[in-house]
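In: Pasted the sequence and its predicted model underneath.
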2 protein chains.
Amino acid sequence: MYDVNPVLDFHHPHQLKEGLEGFSLDLPDQPETLEQLLVDCRDTLKYGVSTGHPRFFNQLSSGLDVIGVAGEWLTSTANTNMFTYEVSPVFLLIEEVLLKKMRSIVGWADDEGDGLFCPGGTISNLYSILLARYHFYPEVKTRGMGALPRLAMFTSEHSHYSVKKSAAVLGIGTENVVVVKCDERGKIIPAALETSIATAKEKGLVPFYVNATAGTTVYGAFDPLNAIADICHSHTLWMHVDAAWGGGLLMSDRHRMKLQGIERACSVTWNPHKMMGVPLQCSAILVKKRGLLQECNKLGAQYLFQMDKPYDVSYDTGDKSIQCGRHVDVFKLWLMWKAKGSDGFGSQVNKCLENAEYLYDQLQKRTEFELVFKNKPEHSNVCFWYIPPSLRSLPPGSDRDRRLHQVAPRIKGRMMEKGSVLIGYQPLGTKVNFFRCVFSNPATQQEDIDFLLDEICKLGADL
Amino acid sequence: MYDVNPVLDFHHPHQLKEGLEGFSLDLPDQPETLEQLLVDCRDTLKYGVSTGHPRFFNQLSSGLDVIGVAGEWLTSTANTNMFTYEVSPVFLLIEEVLLKKMRSIVGWADDEGDGLFCPGGTISNLYSILLARYHFYPEVKTRGMGALPRLAMFTSEHSHYSVKKSAAVLGIGTENVVVVKCDERGKIIPAALETSIATAKEKGLVPFYVNATAGTTVYGAFDPLNAIADICHSHTLWMHVDAAWGGGLLMSDRHRMKLQGIERACSVTWNPHKMMGVPLQCSAILVKKRGLLQECNKLGAQYLFQMDKPYDVSYDTGDKSIQCGRHVDVFKLWLMWKAKGSDGFGSQVNKCLENAEYLYDQLQKRTEFELVFKNKPEHSNVCFWYIPPSLRSLPPGSDRDRRLHQVAPRIKGRMMEKGSVLIGYQPLGTKVNFFRCVFSNPATQQEDIDFLLDEICKLGADL
């Protein structure tokens, strides 16, 4: 069945640029015919990648939820912006309902909190730092970083690069982001965080922000949130939880305890476009302190936010955001929630984590593979090496490592040429290139997982 | 015909929140039926606003291009991210082709320049400041603003608020944004810019960035780009042109001379989702200096940007952007370009500006209206007051102003209740509330403009 439906039909950039069978990327002066447009559409899909394919394991976002796509189609037909109630009455109320629900799932009180849907988790994380800085130093908005002491932020070595990137953008500087050591499973070591904070203070820096990760990108690790919350409390630091990837587990009664302590955070990033399978993009920043988003970001542009409008202008939420025009990312999530219910999302998450456990079990049984760490996965990430026959008898050491490092890229290259399956790899710390499999598509079945392992063995047998 | 198709079916927030005829915003635990989902979809559209209606004059983005919507539908079906070639081969090449074409239309040499599509014009403008800062002070990325002198930026009093907002976000501070005086048409006064730069230097600030606007939000004014470029050149300042709204005019042989000098800019914001009618969102930041985006923003995350991939990794452009995952905003524009050709976009722009001239002519003829300024519009913005019968004999002065200030909001309120047409208003400087009509929907006909004026007269006759 899948043989006729590949995950991708790979071509190199120069091949696509030179044009393939009447598929040209060039922009004409005169209109093309409707027939040609249909060919262009067909070819765009043909030479693209089927991220909804049950054998696409390459990214945290995957799958293709039919209701979600229908929601996005309606959204693009409505073609409006999220800045004012007068042009987005329903969508703004839907955003309010969703954010309130998500905050209550995080565990905040009904009268607490605020939030926004943002163009991706990096921007959501950027908001958290922006808000933390404004919370402690509101003068930064008018006077800039020059008026502030030298700030320090803390995040784990396994956390997402968006924390550092945001520090660069916000004018804090990447060298003021202190990278805290993790244990072998990728979880922040609370004692190391304490030490890092003390060291920064000794150097004259002023700590203000800690990012904890619920579901790291590669290992799927959950930082110990309660221990981090204790430290943040004792030092009066802003605690952010980047649950972009792990937030979906809050929907599952079976798995939500992995995020215990998240209710103590000052802000949370949660991307329904990852574990909950919502079409791209759909990412929320949740903020515990009500009013802060508005105070931090408002400029009160009179052409957009007139106070003499004939309705309750507190629904004109556009001044809370960095963006002016903001895409409607809420309707697809809302419609999926109506279609599945909270319980349906829970089952979907459970299914993805069962797939991860199945893969983990298979990897333990099969001698061609080696797990990156022995523990059962907490999230749906499973990390492993394929050991080709030629390496199986080699002793551990730098020679084996050097050769093993080349295995995953070479298998990935062959995989792409063949188009049968797609999975990511990377090195991490002292560990040479290994595969990272992630499950967020509930359409994936155990037979797809068996196929993945068999295919890796087939493609790597001669390496 | 339009009587049965209103622009909107207005309800107050509390009415929609309380639920209307079985339309509930609540999120259930259990799935709803497919029938109920269809009702939810129908009601979302019913209580929304038809931004594609030929009588929607409320925002710079309007219209509903069928090919553009089809492009967006395909995009959401493909459901992928712009970060790497391996998951977005076609879309990344399409982005490259579009950016190259747009740069050549701006007037840059073939081997110059770079760019990105961003989630809206504010983010595009934010990039321009981020890049300018990095260009002059690359150490800011690691060391933060604390290592820099106190910077100063310059923008006109009529420019978009995103310049100030970005200064707040980037840690520069809004008080270091110097607001430069404009002439009565809303164009920056070059001598005032010179004076502002000198004053800032005297105060010990270090000027580094000037934003010029090509098409201001309210008046549609074009700053004198060549004069500004001369000043930037003599002081070695980064010149950005915010052509979010005016960029579309570059597509028209008749109107592109209004942006003369744009080719001298270091960076340009251009939003095809405004004047070119592309569905939301579609905004580009174009940068003259190649390599700067990558240097400024790269962090080289190994889980995403492996250098040992089997293809030319220079197409993995995700490290150029602040965002990690980035929505595919290019396909709809590309498909529309194929469908219309460059010439088709030109005709569409011409049509919108002809509509503006027609409105201007009508306003001159009709005694119930007063133009905010006498000159023929340069862009498709037309600003005017409606003078109700009770005010027509009043002498100019504060009493008349006070009463006139209330006219536009009250007419707008009635307009929304009735749903027949939608237009924006605002005060500006010493000018009391006036209507701003903008044309970006090529479906608007002269009869729609006649209808707008007649409707304002009808709704305001008793004020």
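Out: Noted; the coordinates are in hand. Residues are numbered from 1 along each chain as shown, chains lettered A, B, ... in the order given.
In: ok, which stretches of the stretch 251-400 of chain A are strands?
Out: For the stretch 251-400 of chain A, strands defined by DSSP state E, counting those that start in this stretch occupy the ranges A:267-270, A:283-287, A:369-371, A:382-386.
In: Go through those strands and name the closest to B:Tyr161.
Out: Closest to B:Tyr161 of the strands of the stretch 251-400 of chain A, according to Cβ to Cβ: strand A:283-287, at 20.9 Å. For glycine as for every other residue, the C-beta is placed from the backbone atoms N, C-alpha and C.
In: Can you list the strands that that closest one pairs with?
Out: strand A:114-118 (antiparallel), strand A:267-270 (antiparallel) (DSSP bridges).
In: Looking at those, which one is packed in the most?
Out: strand A:267-270 (a mean of 31; mean count of other Cβ atoms under 10 Å in any protein chain shown).
In: Can I get that one as CSV, trimmed to CA atoms?
Out: What follows is strand A:267-270 as a C-alpha-only set of coordinates in CSV (Å, rounded to 0.1, in the frame of the first residue of the first chain):
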residue,chain,number,x,y,z
SER,A,267,4.3,31.6,32.0
VAL,A,268,3.9,28.6,29.8
THR,A,269,4.5,27.9,26.1
TRP,A,270,2.2,25.2,24.7
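In: Show me what that strand is in contact with.
Out: By Cβ atoms under 8 Å, 6 or more residues apart in numbering or on different chains, the residues outside strand A:267-270 that reach it are A:102, A:106, A:121, A:124-125, A:127-128, A:131-132, A:238-244, A:247-248, A:250, A:262, A:283-288.
In: Around chain B, pick out the residues from the stretch 251-400 of chain A.
Out: A:273, A:279-281, A:297, A:299, A:301-304, A:306, A:308-312, A:315, A:322-328, A:331, A:334-335, A:337-344 (Cβ under 8 Å from any Cβ of the partner chain).
In: Buried subset of those, written for PyMOL?
Out: Buried residues within these, by 16 or more other Cβ atoms under 10 Å in any protein chain shown, are selected in PyMOL with:
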select buried, chain A and resi 273+279+280+281+297+299+301+303+304+306+308+309+310+311+315+322+323+324+325+326+327+328+331+334+335+337+338+339+340+341+342+344
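In: Just the residues of the stretch 251-400 of chain A next to chain B: which are in helices?
Out: Judged by DSSP state H, these include A:Asn297, A:Phe331, A:Trp334, A:Leu335, A:Trp337, A:Lys338, A:Ala339, A:Lys340, A:Gly341, A:Ser342, A:Asp343, A:Gly344 as members of helices.
In: Determine which two of these are furthest apart.
Out: A:Asn297 and A:Asp343 (35.7 Å).
In: Just send the strands paired with strand A:283-287 back as JSON lines, with distance to B:Ser24 and mean pLDDT too.
Out: Shown next, in JSON lines, are the strands paired with strand A:283-287 (distance: least, Cβ to Cβ, whole Å; pLDDT from 0 to 100):
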{"stretch": "strand A:114-118", "distance to B:Ser24": "21", "mean pLDDT": "98"}
{"stretch": "strand A:267-270", "distance to B:Ser24": "24", "mean pLDDT": "98"}
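In: follow-up on the earlier one: minimum distance to A:Phe222: which of the strands of the stretch 251-400 of chain A has it?
Out: Of all the strands of the stretch 251-400 of chain A, strand A:267-270 comes closest under Cβ to Cβ, at 13.4 Å.
In: neighbours around A:Ala192, how many?
Out: 17 (other Cβ atoms under 10 Å in any protein chain shown).
In: Check the gap between A:Lys203 and B:Trp385 for me.
Out: 61 Å (Cβ to Cβ, to the nearest Å).
In: With neighbour numbers in mind, choose between the two.
Out: Set A:Lys203 next to B:Trp385 and count neighbours by other Cβ under 10 Å: B:Trp385 wins out with 22 against 10.
In: Hmm, that one is touching B:His405, no?
Out: No. Counting by Cβ atoms under 8 Å, B:Trp385 stays clear of B:His405, with 9.9 Å between them.
In: shared neighbours of the two, which are they?
Out: B:Val432.
In: mind putting the strands paired with strand A:283-287 in a markdown table, distance to B:Tyr358 included?
Out: A markdown table is the format used below for the strands paired with strand A:283-287 (distance: least, Cβ to Cβ, whole Å):
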| stretch | distance to B:Tyr358 |
| --- | --- |
| strand A:114-118 | 39 |
| strand A:267-270 | 49 |
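In: Which one of the ones you listed lies nearest to A:Val7?
Out: Comparing those by Cβ to Cβ, strand A:267-270 comes nearest, at 27.9 Å.
In: B:Ile228 versus the closest residue to A:Phe91 other than its chain neighbours, what's the distance?
Out: Among residues not flanking A:Phe91 along the chain, A:Val328 sits closest, at 4.9 Å (Cβ to Cβ, 6 or more residues apart in numbering or on different chains). To B:Ile228, A:Val328 is 36 Å away according to Cβ to Cβ.
In: returning to what we had before: make JSON lines from the strands of the stretch 251-400 of chain A and add distance to A:Leu34 to it.
Out: JSON lines is the format used below for the strands of the stretch 251-400 of chain A (distance: least, Cβ to Cβ, whole Å):
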{"stretch": "strand A:267-270", "distance to A:Leu34": "42"}
{"stretch": "strand A:283-287", "distance to A:Leu34": "36"}
{"stretch": "strand A:369-371", "distance to A:Leu34": "51"}
{"stretch": "strand A:382-386", "distance to A:Leu34": "46"}
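In: And the residue of the stretch 1-150 of chain A closest to chain B?
Out: Here the residue of the stretch 1-150 of chain A nearest chain B is A:Gly144; by Cβ to the nearest Cβ that distance is 2.8 Å.
In: Tell me the pLDDT of that residue.
Out: pLDDT, A:Gly144: 98.
In: That one contacts A:Gly171, doesn't it?
Out: Yes. Judged on Cβ under 8 Å, A:Gly144 makes contact with A:Gly171 at a distance of 7.4 Å.
In: and these two? which has more neighbours close in?
Out: A:Gly171 (29 against 24).
In: which ones are touching that one?
Out: Neighbouring residues of A:Gly171 by Cβ under 8 Å, 6+ apart: A:Gly144, A:Met145, B:Val140, B:Gly144, B:Met145, B:Leu170, B:Gly171, B:Ile172.
In: how about a cut-off of 7 Å?
Out: A:Met145, B:Val140, B:Gly144, B:Met145, B:Leu170, B:Gly171, B:Ile172 (Cβ atoms under 7 Å, 6 or more residues apart in numbering or on different chains).
In: Restricted to helices, list those residues.
Out: Those of these lying in helices (DSSP H): B:Val140.
In: Once you drop chain neighbours, what's closest to A:Arg264?
Out: A:Ala229 is the one closest to A:Arg264 (Cβ to Cβ, 6+ apart), at 3.8 Å.
In: same question but for A:Ala212, I mixed them up
Out: Going by Cβ to Cβ, 6+ apart, A:Ala212 has A:Asp223 as its nearest residue, at 4.3 Å.
In: List the contacts of the one you found.
Out: Contacts of A:Asp223 by Cβ under 7 Å, 6+ apart are A:Ser156, A:Lys187, A:Ile188, A:Ala212, A:Thr213, A:Ala214.
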